[in-house]
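In: Predicted coordinates and the sequence they were generated for:
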Amino acid sequence: MRLSEVLIKPILTEKANAQQEKLRRYAFKVNRRANKLEIKKAVEGFYGVTVVDVNTAVMPGKSKTRFTKAGYIKGQKPAFKKALVTVAEGESIDLYAAV
């Protein structure tokens, strides 16, 4: 798998921002087929930091229901893989540079 296919996007939530400040841990949405070594190489290559640890979790899809004029519409959000990447002491990733 190419490194450009591994990382999909960073996860920017309040919980992720708190972990960035306290633990130097960054959350990314990654390809379901990517393993920890590929995720580590991709983050080090794209952001130029030293990765200390990578934790992954497959987040299950959620069922969603919406009420419309035609009645209830039920659907399923897709499942995705999340990677929590810890960088070395004194290093950081600026995720808001492109915003």
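Out: Arrived safely.

In: In this protein, which residue is most central in space?
Out: residue 28 (1.6 Å; Cα atoms, centre = their mean).

In: Secondary structure element holding that one?
Out: For residue 28, the element it lies in under DSSP states H and E is strand 25-30.

In: What of residue 86?
Out: strand 80-87.

In: what angle separates the helix ranked longest in the chain from strand 80-87?
Out: Using DSSP state H, we find that the single longest helix of the chain is helix 36-47. In terms of direction (axes from the mean of the first three to the mean of the last three Cα atoms, to 10 degrees), helix 36-47 departs from strand 80-87 by 60 degrees.

In: buried ones in helix 36-47?
Out: 38, 39, 40, 42, 43, 47 (16 or more other Cβ atoms under 10 Å). To be clear about C-beta, it is placed using only N, CA and C from the backbone, and glycine gets the same treatment.

In: quick one, what contacts the third one?
Out: Residues in contact with residue 40, defined by Cβ atoms under 8 Å, 6 or more residues apart in numbering, are 51, 54, 85.

In: Can you give me the pLDDT of the nearest residue to residue 51 once chain neighbours are set aside?
Out: Counting by Cβ to Cβ, 6 or more residues apart in numbering, residue 40 is the residue found nearest to residue 51 once chain neighbours are left out, at 4.7 Å. For residue 40, the model assigns a pLDDT of 96.

In: distance of residue 40 from residue 27?
Out: From residue 40 over to residue 27 the distance is 15 Å, taken as Cβ to Cβ, to the nearest Å.

In: any idea which element residue 94 lies in?
Out: Residue 94 is located outside every helix and strand, with elements delineated by DSSP H and E.

In: And the residue nearest to residue 51, how close does it get to residue 30?
Out: 11 Å.

In: mind listing what the closest residue to residue 79 other than its chain neighbours touches?
Out: Distance criterion Cβ to Cβ, 6+ apart; nearest residue to residue 79, sequence neighbours excluded, is residue 61 at 4.2 Å. By Cβ under 8 Å, 6+ apart, residue 61 lies in contact with 76, 77, 78, 79.

In: Distance to residue 95 for those residues - can I get that in TSV?
Out: Formatted as TSV, these follow (distance: Cβ to Cβ, whole Å):
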residue	distance to residue 95
76	29
77	23
78	23
79	23
